[in-house]
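Participant: here is a sequence with its predicted model. Questions after.
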Amino acid sequence: MSIILRLDRVMADRKMSLNELSERVGVSNVNLSKLKTGKVSAIRFSTLDAICSVLDCQPGDILEYIRDNEPQP
Amino acid sequence: MKKVTAISKIKENSTAMSVLMAVLGLLCLGACAMGLGDSLYHSTFTEKKEEMASLLGTGLIFAACAFIAAYLFIRISRTGTPFSDTSVKCLKNIAFLLFIGSFLPNILLSLFSGKYETINDSFIEISMLVPSVIVFCAAEAFNYGVILQQESDETV
């Protein structure tokens, strides 16, 4: 998949744990963990809105697009 | 209706249906056993071979279908979703059993009488064949439901 999730980076920057984020966003630990490891195929706008609101960031901070033939950083 | 409410309703109803199907299956088996026992006890098996073939053929098939349906509803009551690979397999098994049941009584009758005989002048019972086709089509529709369920589960 070409969309990379940088949720772990933003969480580390904000010094927020998975449990705390899960509680504040209203998504289960399991689902948030899947999101963090990129094991989801879709994300709802409402979830993205809640995450950006809690982490005080932009969607572009969490989601990054990489072309298939480009090496991943 | 909210998703959580819908799932809890599905679980409740599936539990009730699984009990109903299990009881139905036991009743079918009981009816077969009683009919067979009665005809063997009174030595009327040969005179009543058409009834015996019909009773055993359809009774056993319905009992098997009822037990598979009970298992299916138990799985649904545990997971809260009817759209799974197990559900599709159970429905296809039921469709296959109903298809077998459309000609099994005539095969049994032919075996009991030692020559080719049919109960209603036709080898295939339409009353069992049509439900078999309908259940098979429903299984294919459930296949699509499985795909949608996977997409929903993978969406955060």
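Facilitator: Cool, got the structure.
Participant: drop to CA atoms for contacts and neighbour counts, all remaining ones
Facilitator: Noted.
Participant: next one: the nearest residue to residue A:3 once chain neighbours are set aside from chain B, what distance?
Facilitator: Using CA to CA, 6 or more residues apart in numbering or on different chains and skipping the chain neighbours, the partner closest in space to residue A:3 is residue A:65 (4.6 Å). For residue A:65, the distance to chain B equals 18 Å [CA to the nearest CA, to the nearest Å].
Participant: which residues does residue A:65 contact?
Facilitator: By CA atoms under 8 Å, 6 or more residues apart in numbering or on different chains, the contact list for residue A:65 reads A:2, A:3, A:4.
Participant: torsion angles phi and psi at it?
Facilitator: phi -100, psi 130 (degrees, to the nearest 10).
Participant: any idea how far residue A:20 is from the most centrally placed residue in chain B?
Facilitator: By CA atoms, centre = their mean, chain B has its centre lying nearest to residue B:65, at 2.1 Å. As judged by CA to CA, to the nearest Å, residue B:65 and residue A:20 stand 49 Å apart.
Participant: again with residue A:52
Facilitator: 14 Å.
Participant: more neighbours: which of those two?
Facilitator: residue A:52 (18 against 11; other CA atoms under 10 Å in any protein chain shown).
Participant: now render the contacts of residue A:65 as CSV, adding distance to residue B:39, secondary structure and pLDDT.
Facilitator: Listed next are these as CSV, based on distance: CA to CA, whole Å; DSSP: H, G, I helix; E, B strand; the rest coil; pLDDT from 0 to 100:
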residue, distance to residue B:39, secondary structure, pLDDT
A:2, 71, coil, 85
A:3, 71, strand, 88
A:4, 72, strand, 89
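Participant: in the helix or strand bottoming out on mean pLDDT in chain B, what counts as buried?
Facilitator: When the helices and strands of chain B are compared on mean pLDDT, DSSP states H and E, helix B:104-113 comes out lowest with a mean of 88. Neighbour counts using 16 or more other CA atoms under 10 Å in any protein chain shown place B:104, B:105, B:106, B:107, B:108, B:109, B:110, B:112 of helix B:104-113 among the buried residues.
Participant: check whether the fifth one really touches residue B:57, as I assumed.
Facilitator: Yes - in this structure residue B:108 lies within contact range of residue B:57 using CA atoms under 8 Å: 7.0 Å.
Participant: what helix or strand is residue A:64 located in?
Facilitator: strand A:63-65 (DSSP states H and E).
Participant: partner strands of that strand and their direction?
Facilitator: strand A:3-5 (antiparallel) (DSSP bridges).
Participant: and after the partner strand, which helix or strand comes next?
Facilitator: Next element after strand A:3-5 (DSSP H and E): helix A:7-13.
Participant: that following helix and chain B in contact?
Facilitator: No - Helix A:7-13 does not reach chain B (CA under 8 Å from any CA of the partner chain); its nearest approach is 13.4 Å.
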